[in-house]
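Undergrad: Show me the folded form of this:
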Amino acid sequence: MTWEATRIDELAGRRSVLNNTVPTSAEKPAMHTGRVPHEPSVDRAPRRGRALDGGTRVSESAAERLLDAAIELFAELGYDAVSTGAVAKAAGMTQSMVHYYFGSKATLWEAAVERVMRRRGGSFEIREQDLRDLDPLSRLKVIIRRFVAANAADPDLTRILIHEGISRSPRLRWLAERFMRPGYLLFNRAIQDAIDAGLVRDLPPRDVTNIIVGASTLTFSLSALLAEVYDDEDALTPDVDRLSDTLIDILLSGLAVPRSDRTG
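TA: Numbering: from 1, shown residues only. Purely as a prediction, here's the structure:
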């Protein structure tokens, strides 16, 4: 048995206990026969609450269980290593349910990413009215702190991005255009505003943004590695406020001790 198969079995066992679900014959609707897009379609949403052939109505939470299982598997194993059967097994359901709600693995992946982004929106919602009374430097600090907190709360998006970022697939282009570009441009504008106000050095905003994004995401996505490197289980749950403070301090004040404060 491969490592991926073993891991899927572990997830299936854990989800079965958490959800107390046992697949039954009622969870066997006819295979979805609608159009299966070659690439993820942008606006398609899972169908929920539909009656099965036998008259049994599946709870809306069934689709959500499938999405949660898919998010976990796509984040850990990547798109190619995950099958619709594996997602169904991890959710404690039958494979036909995946096709009933989503039609294809590509559409399931898209819906899973949409679900991750909806969750992300709750912790990284930046509104103009929240920032309009702040100077450019203070605005940048607020954006960084919220971004770090969002990645700490849910690192699955970064893990999915790491898998997808290996090659320039249609999925990666969809991700970049629909979700990633607006966030990067938000940082770029905030940095440029601070530069224009003479509050930070005139460095390429894109480079600064990439540094912020990397520091804010990989710490949480690689937490298991950090726990092994430092032999410290606390690394699995990094201190969000401390990381935000350190990142902002290094970005805005530098790492070197000022000459006037040096000893010896």
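Undergrad: Now tell me what touches stretch 148-155 from outside.
TA: Contacts of stretch 148-155 with the rest of the structure, by Cβ atoms under 8 Å, 6 or more residues apart in numbering, involve 75, 116, 119-120, 123-124, 157-158, 216-217, 219-221, 223, 238, 240, 243-244, 247. (C-beta placed from N, C-alpha, C; glycine too.)
Undergrad: Which entries within the residues you listed meet the buried criterion?
TA: With neighbours counted using 16 or more other Cβ atoms under 10 Å, those contain these buried positions: 75, 116, 119-120, 124, 157-158, 216-217, 219-221, 223, 238, 240, 243-244, 247.
Undergrad: Name the nearest residue to the residue positioned nearest the centre of the chain, sequence neighbours excluded.
TA: For the chain, the residue lying nearest the average C-alpha position, counting by Cα atoms, centre = their mean, turns out to be Leu157 (1.5 Å). Using Cβ to Cβ, 6 or more residues apart in numbering and skipping the chain neighbours, the partner closest in space to Leu157 is Val116 (5.0 Å).
Undergrad: Please, which helix or strand holds the one you found?
TA: helix 105-123 (DSSP states H and E).
Undergrad: Quick check: buried residues in that helix?
TA: Buried residues in helix 105-123, defined by neighbour count with 16+ other Cβ under 10 Å: 105-116, 119-120.
Undergrad: which ones are touching the residue nearest to the centre of the chain?
TA: Shown here is Leu157, whose contacts under the criterion Cβ under 8 Å, 6+ apart are Ala75, Val113, Val116, Met117, Arg120, Asn151.
Undergrad: Let me have these in CSV, adding pLDDT as columns.
TA: As requested, those are exported to CSV (pLDDT from 0 to 100):
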residue, pLDDT
Ala75, 94
Val113, 95
Val116, 92
Met117, 90
Arg120, 81
Asn151, 89
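Undergrad: could you show me where the strands are in the stretch 151-264 of the chain, in order?
TA: Remark: strands of the stretch 151-264 of the chain are absent; assignment by DSSP state E, counting those that start in this stretch.
Undergrad: remind me which residues of it are low pLDDT?
TA: Counting by pLDDT under 70, the stretch 151-264 of the chain has low-confidence residues at 264.
Undergrad: same thing but 90
TA: Counting by pLDDT under 90, the stretch 151-264 of the chain contains low-confidence ranges at 151-155, 165-169, 179, 182-183, 186, 216-226, 232-239, 252-264.
Undergrad: re earlier: could you save the contacts of Leu157 as CSV and add columns showing distance to Leu175?
TA: Listed next are the contacts of Leu157 as CSV, based on distance: Cβ to Cβ, whole Å:
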residue, distance to Leu175
Ala75, 13
Val113, 7
Val116, 10
Met117, 9
Arg120, 12
Asn151, 16
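Undergrad: Among those, which one sits closest to Ser61?
TA: Comparing the contacts of Leu157 against Ser61 with Cβ to Cβ places Val116 closest, at 17.5 Å.
Undergrad: what's near enough to touch that closest one?
TA: Applying Cβ under 8 Å, 6+ apart to Val116 gives the contacts Ile71, Asp154, Asp156, Leu157, Ile160.
Undergrad: Next, find the distance separating the last one from Leu199.
TA: Okay, so that is Ile160. With distances taken as Cβ to Cβ, to the nearest Å, Ile160 is found 35 Å from Leu199.
Undergrad: in the stretch 51-200 of the chain, which spans are helices?
TA: 61-77, 84-90, 95-102, 105-123, 128-131, 136-153, 156-164, 170-175, 181-196 (DSSP state H, counting those that start in this stretch).
Undergrad: okay, Thr21: pLDDT?
TA: At Thr21 the predicted local distance difference test score is 39.
Undergrad: for the one 5 residues further on, same thing?
TA: Model confidence at Ala26, given as pLDDT, is 37.
Undergrad: List the buried residues of stretch 67-81.
TA: 67-79, 81.
Undergrad: likewise stretch 167-174?
TA: Judged by neighbour count (16+ other Cβ under 10 Å), stretch 167-174 contains these buried residues: Arg171, Leu172, Trp174.
Undergrad: Next up, the contacts around the second one.
TA: The reference is to Leu172. Taking Cβ under 8 Å, 6+ apart as the contact definition, Leu172 lies against Glu164, Gly165.
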